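A.B. asks: A structural model of the following input is requested.
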Amino acid sequence: MRKKEVSYSKKTIVRLIWTGILVAGVIILTMGAVCFAGRLSMKVKVGLLVFDCILFVVYFAEVYRDMYRPWCELEKIVHERKDRKTETLADANIAQRDLIKEIQEIISSLENITIRQKNAEILMKVAEINNLQDQINPHFLYNTLEVIRGEALINGDKKVAEMTEALANYFRYNISRKETFVYLKDELKNICNYFKIQQHRFGDRISFEIVYHGIAEKDVQNCYIPKLILQPIVENSIYHGLEMKIGGGVIKIHISSADDKLMLTIADDGLGMTQEDLDKLNRDVDAGKTDENAAGSHNGVALQNIKRRLKLYWGKEAYMIATSTLNYGTEMHLMLPLLFTKEDYMKS
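C.D. replies: Coordinates of the predicted model:
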């Protein structure tokens, strides 16, 4: 015999509530009649009391049938399936199957959010390790660099003093700051420190610019972006775009926003890539390849790390893609939500 389908809708609950009110009203009226109607015979009074008892039992039997028992059955089914998500729901009725599926979707969504947050935290640590392989005492490092800077100033060597200061600031940002998300202005400041260090190696061969399009710097400087999401791209632009180029080269960071989105483009006028190499770069970054060959090439683990973090945080709402023309340069385009307040997943 087929089980009766039970609806867990608001309609069922409302029906039971109104039925309860009606039953309570009838019981109150009959009890009033028994207590205050003196002309009623004893048999009539007993009959009314029996009627009230039957009505009370019938109502709670309906509550048991339509609410309590289905809930107990549902609880049993959910417990049986919580570790067996792929098991069929053939033995549950339609309403139970729908509710179980909704519960499973909620649980799955919560699990995915937790996993994404944990993976993002792990990738953040990987990014820090990739940028700083040495395990050093930061206070000792900062004090030593300050001593070197002081000696350089005493000896009138401003170049060494400036490079030492830039290096200390760069290490402070990468080592001491533990936030997962930082202000855009702080990430750009870190890139400037990094570029100062590189300029002491390359001299006037390389230059760096930040260009705002359609917005003022103050409009986006305090928006949040993932830490260490731009510096690795600038580093790739130097070592794979400009280092082997004959003559000078320029790296520009183009910043714009539209429809609550932040667009960042890191462009260099270096060697560029063939269409075949460009397609391979985008495929490797999408696929998350981390073999040694990929790590040592333009499509290294740093780019894969950035792409994976964007995907983990925002899914399809964010992306990173490269464009390039051989002998003209390469551009790395990033789009992510324009956020001025930290969400829960950004507070780790």
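A.B. asks: burial count for Ile197?
C.D. replies: Neighbour count for Ile197, taken as other Cβ atoms under 10 Å: 15. Heads up, the C-betas are built off the backbone N, CA and C, glycines and all.
A.B. asks: hang on, isn't it packed against Phe171?
C.D. replies: No: counting by Cβ atoms under 8 Å, Ile197 stays clear of Phe171, with 10.4 Å between them.
A.B. asks: and stretch 195-203, average pLDDT?
C.D. replies: Averaging pLDDT along stretch 195-203 gives 87.
A.B. asks: repeat that for stretch 216-225.
C.D. replies: 94.
A.B. asks: could I have the CA atoms of that stretch written out in PDB?
C.D. replies: The C-alpha trace of stretch 216-225 is given here as PDB (Å, rounded to 0.1, in the frame of the first residue of the first chain):
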ATOM      1  CA  ALA A 216      40.500  58.900  -9.200                       C
ATOM      2  CA  GLU A 217      43.200  57.100  -7.100                       C
ATOM      3  CA  LYS A 218      41.200  58.000  -3.900                       C
ATOM      4  CA  ASP A 219      38.100  56.200  -5.300                       C
ATOM      5  CA  VAL A 220      39.700  52.800  -5.200                       C
ATOM      6  CA  GLN A 221      42.800  53.000  -3.000                       C
ATOM      7  CA  ASN A 222      40.900  51.600   0.000                       C
ATOM      8  CA  CYS A 223      39.200  48.700  -1.700                       C
ATOM      9  CA  TYR A 224      40.300  45.200  -0.700                       C
ATOM     10  CA  ILE A 225      42.200  42.800  -2.900                       C
END
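A.B. asks: in it, which residues are buried?
C.D. replies: Neighbour-count burial for stretch 216-225 flags Val220, Cys223, Tyr224, Ile225 (criterion: 16 or more other Cβ atoms under 10 Å).
A.B. asks: quick check: phi and psi on the closest residue to the last one other than its chain neighbours?
C.D. replies: For Ile225, ignoring the flanking residues on the chain, the nearest one in space by Cβ to Cβ, 6 or more residues apart in numbering is Leu184 at 5.4 Å. With angles defined as degrees, to the nearest 10, Leu184 shows backbone torsions of phi -60, psi -40.
A.B. asks: so, low pLDDT: which residues of the stretch 151-300 of the chain?
C.D. replies: 176, 288-300 (pLDDT under 70).
A.B. asks: one more time with 90
C.D. replies: 151-180, 193, 196-204, 228, 239-240, 243-244, 246-247, 259, 280-300 (pLDDT under 90).
A.B. asks: wait, what's in contact with the residue nearest the centre of the chain?
C.D. replies: Central residue of the chain (Cα atoms, centre = their mean): Tyr313, 2.7 Å from the mean position. Counting by Cβ atoms under 8 Å, 6 or more residues apart in numbering, Tyr313 makes contact with Arg116, Ala120, Pro226, Leu336, Tyr345.
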